[in-house]
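Engineer: Following is a predicted model, sequence given first.
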Amino acid sequence: GKISTSNNYKDAFEIMNSLAAKDNAVAQNKLGTCYFFGRGVTYDPVQAVNWYKKSGEQGNSDAQCRLGICYESGFGVATDYTQAVYWYKKSADEGNNSAQYNLAICYEFGRGVAKDYAQAFNWYKKAAEQGDSYAQNNLAICYEYGRGVEKDYAQAFNWYKKAADQGNNSAQYSLGYCYKNGKGIAQDYTQAFNWYKKSAEQGHSDAQYRLGICYYIGQGITQDYTKAVYWYTKAANQGHSNAQNSLAVCYENGQGVSQDYAQAFNLYKKAADQGNSDAQNNLGHCYYYGQGVTQDYTQAFNWYKKSAEQWNCDAQYNLAICYEYGRGVEKDYSQAVYWYTKAADQGHAGAQNNLGIYYENGRGVAQDYTQAFNWYKKAADQGHDDAQNNLGNCYYNGKVTSKNYTQAVYWYKKSAEQGNMYAQSNLGNCYKYGRGVTQDYTQAFNWYKKAAEQGYVNAQNNLADCYYYGRGVAKDHSLAEYWFTKAAE
């Protein structure tokens, strides 16, 4: 019959001991558990294994599974993965879902048996169909990544859902991820948020981090920096490097928390020391600008390099800047080109623009106007205002490509509308001289004014000219003198 669940473990042990001596397999298994946990008897893992073995040899599937665990973990017996698989298989064949799950793990990772994803899938499926939430979660992973079975996002979603509904926090996190990215289900940010929250509340660090992102950008929930900080902190305290980096960003910008550069630096350092490339790049920034730490270009260079070597394109760009200006390292235009190219090839617009400048001027690389034009175009197409202005110059001057004032105006305008003072001034010139556009002194005046107010000397001179001669504006010698003086300062 059933053993009493009272705290009188000693009495229970005596009863089990008596029955086990009579070769009662159930009693032998329970006796092993008494020794395993030290209930009613002194804790003794060797005796636990001994009684599990007696029971397992009589065909008790629970004891067989427990014996497999002992062999796998080296509990009361020398670690032996082959023996672990042997006993898991015996138990699994009897339909024990825990053994089926453990056997699947052995096949997945090649413990005591040759790695075999198909076998792992089969055993996960058997356990999952019996309602084992861990097996359901791992079965979903098999479907998601095509391990031992053809990739099937819908099936992955279904099994994550079954496990998540049982409270499995890993599955809840993955279900949130499915909803966020529309994997196997229609994209739904609110549902993603809800499942991340369930998982996060159970302490899942990835879910806590993702929940922080939801609050930070207002995805699936109203934007709330304070709550973003709360969840980033939860994950960061568990050593989650992405959360540490994101939390540092909040401290750096004063988002949801008082601005604190020293705290930002400390958090970037924690994440960077774990190899987080974004944090390494951000830590480089701290050293470069002396933010939260004494300015140190050498340290900035070192951290940018660590990040750049992990293919972080922002760090590759920053490393190129260090080589360009000789900050923290000897000036080296060839190395600058090398790292700008690395970043540019990954689509970094700033690097593409700077690489264009290097090719146009033959700095650190053989002069090549075609390459310059091509890199300016790539960056300009991404909306980079300096590149748009440079591309405008290419068309205006006809140095890099055929002269085309209409195209020059097109690109100057794109850049000028983003506030680029050089493009504003250049666009002013186009209107002044009627190049690529109908001559219009009023438009010329307006664009010169925008650039002049940003402090661009050429535009200030041209604006003064407009006031002096009354071009596009009423003649005003006092204002002309004002802008001539500003330009001369």
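Structural biologist: That came in fine, so what should we check first? Numbering: from 1, shown residues only.
Engineer: Going by C-alpha atoms from here, please, whenever you check contacts or count neighbours.
Structural biologist: Noted.
Engineer: Next, the buried residues of stretch 402-422.
Structural biologist: 404-416, 420-422 (16 or more other C-alpha atoms under 10 Å).
Engineer: what is the mean pLDDT for it?
Structural biologist: Taken as a whole, stretch 402-422 has a mean pLDDT of 97.
Engineer: And stretch 230-248, by the same measure?
Structural biologist: Here the average pLDDT along stretch 230-248 is 98.
Engineer: sorry, back to before: out of the buried residues of stretch 402-422, which sit inside helices?
Structural biologist: Of those, the ones assigned to helices by DSSP state H are 405-416, 421-422.
Engineer: Tell me where the stretch 201-350 of the chain has helices.
Structural biologist: Residue ranges of the helices in the stretch 201-350 of the chain, as given by DSSP state H, counting those that start in this stretch, are 205-217, 225-236, 241-253, 261-273, 277-289, 297-308, 313-325, 333-345, 349-361.
Engineer: Would you convert those into TSV that also reports distance to residue 35 and mean neighbour count?
Structural biologist: TSV is the format used below for the helices of the stretch 201-350 of the chain (distance: least, C-alpha to C-alpha, whole Å; neighbours: other C-alpha atoms under 10 Å):
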stretch	distance to residue 35	mean neighbour count
helix 205-217	35	25
helix 225-236	37	24
helix 241-253	41	25
helix 261-273	43	22
helix 277-289	48	26
helix 297-308	51	23
helix 313-325	56	25
helix 333-345	61	23
helix 349-361	66	25
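Engineer: which residues sit against the helix or strand hosting residue 198?
Structural biologist: In the assignment (DSSP states H and E), residue 198 maps to helix 189-201. Residues from elsewhere that reach helix 189-201, judged by C-alpha atoms under 8 Å, 6 or more residues apart in numbering: 168-170, 172-173, 175-180, 206-208, 210-211, 214, 219-221.
Engineer: mind listing what's buried in that helix?
Structural biologist: Buried residues in helix 189-201 (16+ other C-alpha under 10 Å): 189-200.
Engineer: Next, the buried residues of the helix or strand where residue 128 lies.
Structural biologist: Assigned by DSSP H and E, residue 128 falls within helix 117-129. Residues 117-128 are the ones in helix 117-129 that count as buried (16+ other C-alpha under 10 Å).
Engineer: Same check on stretch 103-110?
Structural biologist: Those would be 103-108, for stretch 103-110 by 16+ other C-alpha under 10 Å.
Engineer: Format the residues you listed as TSV; extra columns: secondary structure, distance to residue 324 and pLDDT.
Structural biologist: Shown next, in TSV, are the buried residues of stretch 103-110 (DSSP: H, G, I helix; E, B strand; the rest coil; distance: C-alpha to C-alpha, whole Å; pLDDT from 0 to 100):
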residue	secondary structure	distance to residue 324	pLDDT
103	helix	57	98
104	helix	54	98
105	helix	52	98
106	helix	53	98
107	helix	53	98
108	helix	49	98
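Engineer: got a list of what residue 152 touches?
Structural biologist: Residue 152 touches 143-144, 146, 184, counting by C-alpha under 8 Å, 6+ apart.
Engineer: Then residue 153?
Structural biologist: 143-144, 183-184.
Engineer: Just the buried residues of those.
Structural biologist: 143-144, 183-184.
Engineer: What about these, which are in helices?
Structural biologist: 143-144.
Engineer: tell me the two of the buried ones among the contacts of residue 153 that are most distant?
Structural biologist: For the buried ones among the contacts of residue 153, the maximum inter-member distance is 11.5 Å, found between 143 and 183 (C-alpha to C-alpha).
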